[in-house]
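Chemist: Sequence plus the predicted model coming up.
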Amino acid sequence: MKNIKFLFLLIASGVYLSGCMKDLKTDEFTDDAISSTITVTVNMPEGYNYTTEGLPVYFVDPSSGLEFCDTTNASGVATIRVPHGAYIATTETKHSAAGGVVYIFNGTSEKIRVAPNDPKSASSKIDLNVSKAGQIVLKEIYYGGCMNPATGKSYSKDQYFILYNNSGEVAYLDSLCLAVVDPYNAPSSGKSSNWVKPNSTELRDSIPVSGIGWMFPGTGNQHPLQPGEQVVISLNAINHLTISSTSVNLGIQGYWAAYDPLLTKAQSTPNAGVNLMTGFWKVGTATSWVVSTLSPAIFLYSMGGKTPTQFIADTYTWNPGYATNRNFDCLMVDKNLIIDGVECFRNVTDSKRLRPEIDNGFAMVDGGGQGQSVHRRIDAQATAAAGGRIVYMDTNNSSNDFEKRTTASLVGVN
């Protein structure tokens, strides 16, 4: 029987786990009356022959916060004894290929329930998904706002995103699209997203754009982003320090605004020198772009060479949760067009909106009005290999890649 390696919950501890941490090992779990054995088999996607041996598999019970880990054997099988509960198993790995391509493999099992009246063992599988590490990543998301000392209330009109060229080659922002996922807040209380496959809890192979579709203007090479450079995008591109001394200045020349004078007339008119993104699609009657202050999911994507008109025609669909209400309709973006995505939760028991090959984890702040952000961790090894140019972690798992920052990075930047 294997020793159990008990791991504190990733988000609570703030520790990045690159594998099963041997210094957090408890005595062997031997109480058969309150435990069961779980066996999980990890499978590579069709067409990929990389080994599944030696992968850390994490078993998490979101309700209790317990997390355990085991490593797969030569057959790609992980087996562990755990207390009774409802567990989700996850794993991930990366492999480099010719031409500098980095493949990211990750996956999540269905919920695995083990209870006193069930058999003493349960089995499941993780069918790995594959994606490639992207050039442009979401570096920071500041969504919960800050506390305004003048009013004693939360101030949240200062939301922003930072995009970063994480590669060693020039990237171009032209036609890159930005969106929030439907629903605006992560489903809670055991509910799943409306966007699941028939008779399944598995998310669809396309991601729903909610509210407004935004894209960078340009014909292909008008907006270069050099290696290690970043761009700031906000909803209200003004100096928020004039409203709250704890906020940020988003009205700086060269920043970008998700703003359109007709589509988002309730948002602040951007300061002079701020660039405007293009709103190419809108649904509903809202006069501003809504980004959750509690648990947004943000993603970047490409239209795959289509014009906005053709893309809308090909992807427009009714929201299955609001079959008779056209205000909640969405654009469905194929997972293969997703460049990067980050899932934010308000509670570890929330349900996912982004597929595992886009984000196999989640990031969190402590709540609204805290002045906190979620920010990528630096990949020290990759940064050293790049000669000191900062390279951020990108495993398509926000639980590993992101950390909570007590102060957003743009605080103090003027």
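Modeler: Noted; the coordinates are in hand. These numbers were taken from a predicted model, which means no experiment stands behind them. Residues are numbered from 1 along each chain as shown.

Chemist: residues of stretch 193-211 that come out buried?
Modeler: Ser193, Asn194, Trp195, Leu203, Arg204, Ser206, Ile207, Pro208, Val209, Ser210, Gly211 (16 or more other CB atoms under 10 Å). Backbone N, C-alpha and C define where each C-beta goes, glycine included.

Chemist: pLDDT for those residues - can I get that in CSV?
Modeler: Converted to CSV, the buried residues of stretch 193-211 look like this (pLDDT from 0 to 100):
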residue, pLDDT
Ser193, 94
Asn194, 92
Trp195, 95
Leu203, 94
Arg204, 94
Ser206, 97
Ile207, 98
Pro208, 98
Val209, 98
Ser210, 97
Gly211, 96
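
Chemist: Among these, name the ones in strands.
Modeler: Ser206, Ile207, Pro208, Val209, Ser210, Gly211 (DSSP state E).

Chemist: where's the second one relative to Asn396, distance?
Modeler: Right, Ile207. From Ile207 over to Asn396 the distance is 14 Å, taken as CB to CB, to the nearest Å.

Chemist: anything in contact with each of the two?
Modeler: Ile358 (CB atoms under 8 Å, 6 or more residues apart in numbering).

Chemist: need the strands for the stretch 101-250 of the chain, in chain order.
Modeler: Taking DSSP state E, counting those that start in this stretch as the criterion, the stretch 101-250 of the chain carries its strands at 102-108, 112-114, 121-127, 129-132, 136-142, 146-148, 153-155, 160-165, 171-172, 177-181, 206-215, 224-225, 230-234.

Chemist: May I have the strands that pair with the fifth one, each with its orientation?
Modeler: Strand 136-142 sits in its sheet next to strand 160-165 (antiparallel), strand 373-376 (antiparallel), going by DSSP bridges.

Chemist: what sits up against the first one?
Modeler: Read it as strand 160-165. 135-142, 171, 173, 178, 225-235, 248, 250, 298, 300, 376, 392, 408-410.

Chemist: Please repeat the previous calculation with a cut-off of 7 Å.
Modeler: Defining contact as CB atoms under 7 Å, 6 or more residues apart in numbering, one finds that strand 160-165 is touched by 135-142, 171, 225-234, 250, 298, 392, 410.

Chemist: ok now it, how far from the chain's centre?
Modeler: 13 Å (CA atoms, centre = their mean, to the nearest Å).

Chemist: Also the shortest one?
Modeler: Taking CA atoms, centre = their mean, one finds strand 373-376 lying 11 Å from the centre of the chain it belongs to.

Chemist: same thing with stretch 311-329?
Modeler: With CA atoms, centre = their mean, you get 23 Å for stretch 311-329.

Chemist: Buried residues in it, which are they?
Modeler: Buried residues in stretch 311-329 (16+ other CB under 10 Å): Phe311, Ile312, Thr315, Asn319, Phe328, Asp329.

Chemist: Could you identify the most distant pair in those?
Modeler: Across those, the longest distance by CB to CB is 19.3 Å; it joins Phe311 and Phe328.

Chemist: Now Ser121. Nearest residue, chain neighbours left out?
Modeler: Thr37 (4.4 Å; CB to CB, 6 or more residues apart in numbering).

Chemist: Touching, the one you found and Ser123? I think so.
Modeler: No. Look at Thr37 against Ser123 with CB atoms under 7 Å: they stay out of range, at 9.1 Å.

Chemist: Looking only at neighbour counts, state which of the two leads.
Modeler: The residue with more neighbours, out of Thr37 and Ser123, is Thr37; 18 against 14, by other CB atoms under 10 Å.

Chemist: For Ser124, which non-adjacent residue is closest in space?
Modeler: Ser109 (4.5 Å).

Chemist: And Ser245, by the same measure?
Modeler: Computed as CB to CB, 6+ apart, the closest residue to Ser245 that is not its neighbour in sequence is Pro149, at 6.1 Å.

Chemist: residue ranges with poor pLDDT in the stretch 101-250 of the chain?
Modeler: 101 (pLDDT under 70).

Chemist: if we go to 90?
Modeler: Scanning the stretch 101-250 of the chain for pLDDT under 90 picks out 101-104, 110, 115-121, 130-134, 189-190, 199-202, 219-220.

Chemist: Pop the domain breakdown of this protein in here.
Modeler: If you go by automatic domain parsing, the domain ranges for the chain are 5-132, 136-405.

Chemist: quick check: longest helix of this structure.
Modeler: Secondary structure of the chain per DSSP state H: the longest helix is helix 308-315.
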